[in-house]
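[1] the amino acid sequence is not available; the structure is as follows:
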């Protein structure tokens, strides 16, 4: 069972409130032009949200960069590399030809992106301007800025925000901040009236809907997709360390996979040996057939000794948008180049 303890909810509300105050001050300073964003040496598309994770931002970044590559462009992902060794001083995770570091260097989300984007550059570090300069010097044509909505010191040509209307607890800044966005993506489950209200509230923003869809199950270390039907009758233990674990569980249940146990850890959990041993012992105790986790967690447990003799699979997801979104993006990109 997934739940947020009452004390944790209270702490999250307090932290969210303080963070929103900080964002209000920052936004006012930029509106009054006391602070001014700096321009990168090439066009920048920013992808972000106004909540603390769980909106599907990383899968969308992968989807967007794949679309750009298929359009014949050469984009680079610019990301902080949260909780990675390179976060402070920066580094190049991928030069568009091969991966040059580990998930410990770059953080889990950046490594997951690089693993899915063999032809894109992936540049890590808190100094996004420096990363942009390095990407330009490496021959990339423009940047996709990950988690960039609150990083206002870097100018962006297009601001895309994924918005989850159901999450009012973990807001990073007020909903009114969506007025800064050029594009707002809302999940398909959003009420039609709510979506129309949003279009009226933010007339300057293009509003599109998206859906999160399963792309199948993959075994760790294998490229072949597994048949989901084969897991529907098995005893499965699911585990994850993401911001919104209930969403992962819902995706499994949508595929008629009902885990006998669901183990959750905090977001960006690193899976030290003792935690993998706990998962392994739990599987033995419940006589489960296999483990299923998220793709983000899979990069961190791929070489865990305690799980080497256990069948571990990860659920790959993607985001789906309508043709109108891709038409808009194509015209936006052409105007930037």
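    Thanks, I have it. Bear in mind the structure is a predicted one, so any value in this text is a computation, not a measurement. Numbers count the residues shown, from 1 in each chain.
[2] walk me through the domains of this protein.
    16-212+320-336, 213-318 (automatic domain parsing).
[3] in the stretch 101-250 of the chain, which spans are helices?
    103-106, 108-116, 128-137, 192-201, 245-254 (DSSP state H, counting those that start in this stretch).
[4] now do the last one: distance to the chain's middle.
    In terms of Cα atoms, centre = their mean, to the nearest Å, the centre of helix 245-254 is set 16 Å apart from its chain centre.
[5] tell me which helix or strand comes right after that helix.
    Once helix 245-254 ends, the next helix or strand along the chain (criterion: DSSP states H and E) is strand 261-264.
[6] C-terminal to that next one, what's the next element?
    Following strand 261-264 in sequence, per DSSP H and E, is helix 273-285.
[7] buried residues in that following helix, which are they?
    For helix 273-285, a neighbour-count test (16 or more other Cβ atoms under 10 Å) marks 275, 276, 279, 280, 282, 283 as buried. No exception for glycine: its C-beta is placed from N, CA and C like everyone else's.
[8] so the nearest residue to residue 164 once chain neighbours are set aside, which of the three states?
    Leaving aside its chain neighbours, residue 164 sits nearest to residue 55 (5.1 Å; criterion: Cβ to Cβ, 6 or more residues apart in numbering). Here residue 55 is coil, with the state taken from DSSP: H, G, I helix; E, B strand; the rest coil.
[9] quick check, residue 55 in contact with residue 162.
    Yes: using Cβ atoms under 8 Å, residue 55 is in contact with residue 162, at 4.2 Å.
[10] let me know which of the helices of the stretch 101-250 of the chain is tucked in deepest.
    helix 108-116 (a mean of 24; mean count of other Cβ atoms under 10 Å).
[11] for that helix, name the packing helices and strands.
    Counting contacts by 3 or more Cβ pairs under 8 Å, 6 or more residues apart in numbering; DSSP states H and E, helix 108-116 is packed against helix 57-70, strand 75-79, strand 91-95, helix 103-106, strand 121-124, strand 142-146, helix 295-301.
[12] now tabulate the ones you listed in a markdown table and tack on mean pLDDT and distance to residue 25.
    A markdown table is the format used below for the helices and strands packed on helix 108-116 (pLDDT from 0 to 100; distance: least, Cβ to Cβ, whole Å):
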| stretch | mean pLDDT | distance to residue 25 |
| --- | --- | --- |
| helix 57-70 | 97 | 24 |
| strand 75-79 | 99 | 25 |
| strand 91-95 | 99 | 31 |
| helix 103-106 | 98 | 31 |
| strand 121-124 | 99 | 28 |
| strand 142-146 | 97 | 22 |
| helix 295-301 | 98 | 32 |
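[13] burial of the closest residue to residue 286 other than its chain neighbours, as a residue count?
    Distances taken as Cβ to Cβ, 6+ apart put residue 260 closest to residue 286, at 5.4 Å, once the chain neighbours are dropped. When neighbours are counted by other Cβ atoms under 10 Å, residue 260 registers 15.
[14] could I get the pLDDT score of residue 260?
    With respect to pLDDT, residue 260 scores 98.
[15] turn the buried residues of helix 273-285 into CSV, including pLDDT and distance to residue 80.
    Formatted as CSV, the buried residues of helix 273-285 follow (pLDDT from 0 to 100; distance: Cβ to Cβ, whole Å):
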residue, pLDDT, distance to residue 80
275, 97, 25
276, 98, 27
279, 98, 29
280, 98, 32
282, 98, 33
283, 98, 34
